[in-house]
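*Asks:* Mind folding the following:
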Amino acid sequence: MQLIMPALGHKVFEPQPSADQYSVDEDELLYFSRNHGKGGQATGKVADDGFWVLKGSYIFPTVADYVPKGVASARERYADLIDGQGILQRDVSFGSPSYASSFVCGKNSNGLTEWKNKDGVTLKEVNSDASTKNSSKKSMGKTVSDKTAISEPENGLSIPPGTILLHLAGKKAVAQGYINDKGFVVLKGSQMSPTLRKSCRKWASNHRNELIDSGKVKDYIFTEEVQFSSPSAAAASIVGGEANGLIMWKNEEGNTLKEQQGKK
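*Replies:* Okay, here's the model as predicted:
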């Protein structure tokens, strides 16, 4: 049951994100503050199903005209969750750290540099350090060049025009990709979790090893675009365990792939 239910998208055996639960493990919490908190102040958390802005965060009341449409629509969608003082009353999930921080401050924001841990280290640096440490262990002391986390969406990404960019924000990996006629493509610069879960099937483990042996993944970073048969196959290889790609892959607004297909 523990293997089957998550594959169907039902997380009945997993506690859902909440501010009370996350306060126990302070090391995993991330913090955002714009203009000393006057322009938005929030607590966040990277989880397997997206980047969460947690209950109790202060959401700046106004939204700039130039923010992405997804941020503006998210403000409208979650307006009932923000009280008169601008305090978020429930945890909200987004597809990327930047959309989460933009939602908080109502302006453009690079979440990889504005979300920081309790020591003031940015999310980008945290991901980079984790990748470097894991790759150093694997190389048994050899010098490994510093690897940075995947950058936020840029026009330079090699994706077909009009393609919806999708995000996967896991505890030990952050990835981007898109659907094509062959299945699902994971973009260069995406991360792969350095560890396997107990739920990892043999085919996923073998595929991960093939990607590493072929050089398509180096130091747990994708060195080129990789084609997968489906969103779930891509997600399973990235997180190192059982994964429902229709739930884990989200667009910038935080809508799952399943929700997007439902609307279509």
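*Asks:* Tell me where the protein has helices.
*Replies:* For the chain, the helices identified by DSSP state H occupy 4-7, 19-22, 69-77, 97-105, 111-114, 123-138, 202-214, 231-239, 245-248, 257-263, in order along the chain.
*Asks:* residues in contact with A175?
*Replies:* 150, 167-168, 186-187, 190-192, 222, 234, 238 (C-beta atoms under 8 Å, 6 or more residues apart in numbering). Placement of C-beta: from N, CA and C, glycine included.
*Asks:* rerun at 10 Å
*Replies:* If a contact means C-beta atoms under 10 Å, 6 or more residues apart in numbering, then A175 has 150, 166-169, 186-187, 189-193, 222, 234-235, 237-239, 248-249 as its contacts.
*Asks:* Now, those that are in strands?
*Replies:* Cross-referencing these against strands under DSSP state E gives 166-169, 186, 222.
*Asks:* Compare the helices of the chain and report which one is nearest to Q85.
*Replies:* Minimum separation from Q85 across the helices of the chain (C-beta to C-beta) falls at helix 97-105, 14.4 Å.
*Asks:* Can you tell me which helices and strands the closest one packs against?
*Replies:* Applying 3 or more C-beta pairs under 10 Å, 6 or more residues apart in numbering; DSSP states H and E, one finds that helix 97-105 contacts strand 30-33, strand 41-47, strand 50-53, helix 69-77, strand 92-94, helix 111-114, helix 123-138, strand 166-169.
*Asks:* got the angle between that helix and helix 69-77?
*Replies:* Following axes from the mean of the first three to the mean of the last three C-alpha atoms, to 10 degrees, one obtains 50 degrees for the angle between helix 97-105 and helix 69-77.
*Asks:* so how far is helix 97-105 from its chain's centroid?
*Replies:* 13 Å (C-alpha atoms, centre = their mean, to the nearest Å).
*Asks:* Equivalent analysis for stretch 252-261, please.
*Replies:* The answer for stretch 252-261 is 13 Å, by C-alpha atoms, centre = their mean.
*Asks:* before we move on, what about stretch 82-89?
*Replies:* Between the mean C-alpha position of stretch 82-89 and that of its chain there is a distance of 25 Å (C-alpha atoms, centre = their mean).
*Asks:* per-residue pLDDT, the closest residue to S33 other than its chain neighbours?
*Replies:* Beyond its immediate neighbours in the sequence, the residue positioned closest to S33 (C-beta to C-beta, 6 or more residues apart in numbering) is Q41, lying 4.9 Å away. Predicted confidence (pLDDT) for Q41: 96.
*Asks:* any idea how far W115 is from Q41?
*Replies:* From Q41 over to W115 the distance is 12 Å, taken as C-beta to C-beta, to the nearest Å.
*Asks:* likewise K172?
*Replies:* 16 Å.
*Asks:* Have a look at the two and say which one is more surrounded.
*Replies:* Each of K172 and W115 had its neighbours counted (other C-beta atoms under 10 Å), and the higher figure belongs to W115 (29 against 20).
*Asks:* Who are the contact partners of the more buried one?
*Replies:* So W115 contacts 29-33, 42-46, 51, 53, 97-98, 100-101, 104, 109, 122-124, 126 (C-beta under 10 Å, 6+ apart).
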